[in-house]
Every structure is written in C-alpha cells, then in structure tokens.
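Undergrad: build me a model from this:
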Amino acid sequence: MRVAVVTGASRGIGRDTALALAAKGLALFLVAEGTPEELASAEAECRAAGAPEAAHAVFDLGTPGAPEAMVQAALARFGRVDVLVNNAGIRCRKPFGAFTRAEFDGLIAVNFAAAFFASQAVLPAMRAQGGGRIIHVASQTGRVAMEDNSLYGPMKAALIQLTKNMAFELAKEGIQVNSVSPGPIATQFNIESYGRIPGRVEQLEGRLPVGRLGRPTEVAEAIAFLATCEGGFIQGHDLVVDGGYTII
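TA: Sure thing, here's the model as predicted:
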C-alpha cells in the first residue's frame, strides 16, 4: 500500500489532489491548519473515492517543528510515506514597500520553510524504503512578475529552485522531486479574491489563451500524474498548469 501525505488538504487544490490520489489507490494522510471538520469531510471523501485507508491531522506548518511532527505522525499511522505533496500556502498581496516583517516571516514560514523541513523529515523513511516522490506546489508567479506580488512570487520562485536542488541531490537515491506551478485557478479563495477587484476575472480570462480560469481538478491531475506515473526519468521539473499564461 502506497501512502501520500498532502498538506493544505481541507479545500481547493489540496483536497482535489487528495481525491485524485485516492482514486489511484493510495492511502492518504491529510493535513491542514485549523479546519478539522473540513479535513474529516475530505477524509471521508477519499475513502469513498477509493483510498484503502485515510487519516487526517491538524498542524500549523508555519510553526517550527510542526513539519517534522507531521511526518512523524504520518509514519506512526501508516509506517511509510511514499509521496509528499507540499501544497500548504498563504498569500499576502500588497505593493512593494508596504509589507511588514511579520508578513514576510509568516509567508516564508508557511510557503517555503514548511516544505523544506517536511521534505528533510521524510528523507530517512524514503531512503529506507528505497525511494519516494516529493512534489512542491509552486506557482506561475514564481516565473513571472505580477502586481502586488513581490513577496509571494519570490517565495514560489524559491520553491521551484528548491525542487531543482533537491532533485539533483536525491535522484541517485530513487527519490523523485518535482513541482507544479498553477496559474489562475478558480478555487474558492481565488474567486473571492478576484471578486474584490471589478473586472479582474474578465481581465484574466482575456489574458489566458484558453479563455477561462483553470479548475482545481486540473492541477490535481498534474500532481497525481507526477506522484504515480511509471518510471523515474521526470526529475527536477516544474510542471506549469496555467492555461498558457506564461507562454505569451
């Protein structure tokens, strides 16, 4: 039985990723911050979708020691971790010059440090198993500049670079490391955020060659592919799922 840990799994891309992995027969350990009811609901959906086993736990991954504790909890429950999906993240959009140190530190803690230390924590188990897969959920904003994005974008760029460095070091141990960079996706959070700016959705759709926002399931399918595809020749790759936004 293969086991996947998915962070930020209570809603949006994380929840759909968990369901996609469940449909492929993986057991799931679902993690999010402060959303136990939603996590319990996601766990039940994963079981219904085909997961042989599923469990959930609440962790604030921005807290020092929490990523490591999460991995240990997953190992205690299942005895192994074959796939780690580092999806948890937060946003803070402001003009450059308006950020506080607390906002800076908070974004680094959740968007970069959590993935970094969770990945380090899972290494001993993956090495003992003879391999594993680690997938970071980055963003198209780690590749292109956008308004009010001088903090979130660089953190996602750092995650893409972390992917490459980890892949370079760990490939010979049978550990595949890749990332997925979503573009404008119609998650509940994004729709609410876009709705605060008149015409923002129409502006984005006009900018996208496909003419629409992406669906969370489309990102989940990409993550599930990297987590379960046969062979080990995809290494250190950032798979952009953005409807063509970055090709223009």
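Undergrad: Gly211 is in contact with Pro184, correct?
TA: No: using CB atoms under 8 Å, Pro184 makes no contact with Gly211, being 11.7 Å away. In short, each C-beta sits where N, CA and C put it, glycine included.
Undergrad: more crowded one of those two?
TA: Using other CB atoms under 10 Å as the criterion, Pro184 and Gly211 rank with Pro184 on top: 21 against 10.
Undergrad: dump the residue contacts of the more buried one.
TA: Residues near Pro184 by CB atoms under 8 Å, 6 or more residues apart in numbering: Asn190, Leu204, Leu208, Leu213, Gly214, Asp242, Gly243, Tyr245.
Undergrad: from those residues, pick the one nearest Thr100.
TA: Nearest to Thr100, judged by CB to CB, of the contacts of Pro184 is Asn190 at 23.5 Å.
Undergrad: for the closest residue to that closest one other than its chain neighbours, grab phi and psi.
TA: Distances taken as CB to CB, 6 or more residues apart in numbering place Pro184 nearest to Asn190, at 6.9 Å, with adjacent residues excluded. Main-chain dihedrals, Pro184, degrees, to the nearest 10: phi -70, psi 110.
Undergrad: ok, now how distant is the residue most central in space within the chain from Glu202?
TA: For the chain, Asn87 is the residue whose C-alpha lies nearest the centre (CA atoms, centre = their mean; 1.9 Å). With distances taken as CB to CB, to the nearest Å, Asn87 is found 28 Å from Glu202.
Undergrad: and Ala51, by the same measure?
TA: Ala51 sits at a distance of 38 Å from Glu202 (criterion: CB to CB).
Undergrad: of the two, give the one with the bigger neighbour count.
TA: Neighbour totals were compared for Ala51 and Glu202, and Ala51 leads with 25 against 10 (other CB under 10 Å).
Undergrad: contacts only, for that one.
TA: By CB under 8 Å, 6+ apart, Ala51 lies in contact with Leu21, Ala22, Gly25, Leu26, Ala27, Leu28.
Undergrad: who's in contact with the fourth one?
TA: Spelled out, that is Leu26. Neighbour list for Leu26: Met1, Arg2, Val3, Ala4, Ala51, Asp82, Val83, Ala227, Thr228 [criterion: CB under 8 Å, 6+ apart].
Undergrad: make a ChimeraX selection of whichever of those residues turn out to be buried.
TA: Only the buried entries of the contacts of Leu26 go into this ChimeraX selection, using 16 or more other CB atoms under 10 Å:
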select :2,3,4,51,82,83,227,228
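Undergrad: among the contacts of Leu26, which two are most distant?
TA: The most widely separated members of these, counting by CB to CB, are Met1 and Ala227 (14.4 Å).
Undergrad: about what we covered before: make a markdown table out of the contacts of Leu26 and add pLDDT, distance to Glu221 and secondary structure.
TA: Shown next, in a markdown table, are the contacts of Leu26 (pLDDT from 0 to 100; distance: CB to CB, whole Å; DSSP: H, G, I helix; E, B strand; the rest coil):
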| residue | pLDDT | distance to Glu221 | secondary structure |
| --- | --- | --- | --- |
| Met1 | 93 | 22 | coil |
| Arg2 | 97 | 18 | coil |
| Val3 | 98 | 20 | strand |
| Ala4 | 98 | 15 | strand |
| Ala51 | 98 | 17 | coil |
| Asp82 | 98 | 19 | coil |
| Val83 | 98 | 15 | strand |
| Ala227 | 98 | 11 | helix |
| Thr228 | 97 | 11 | helix |
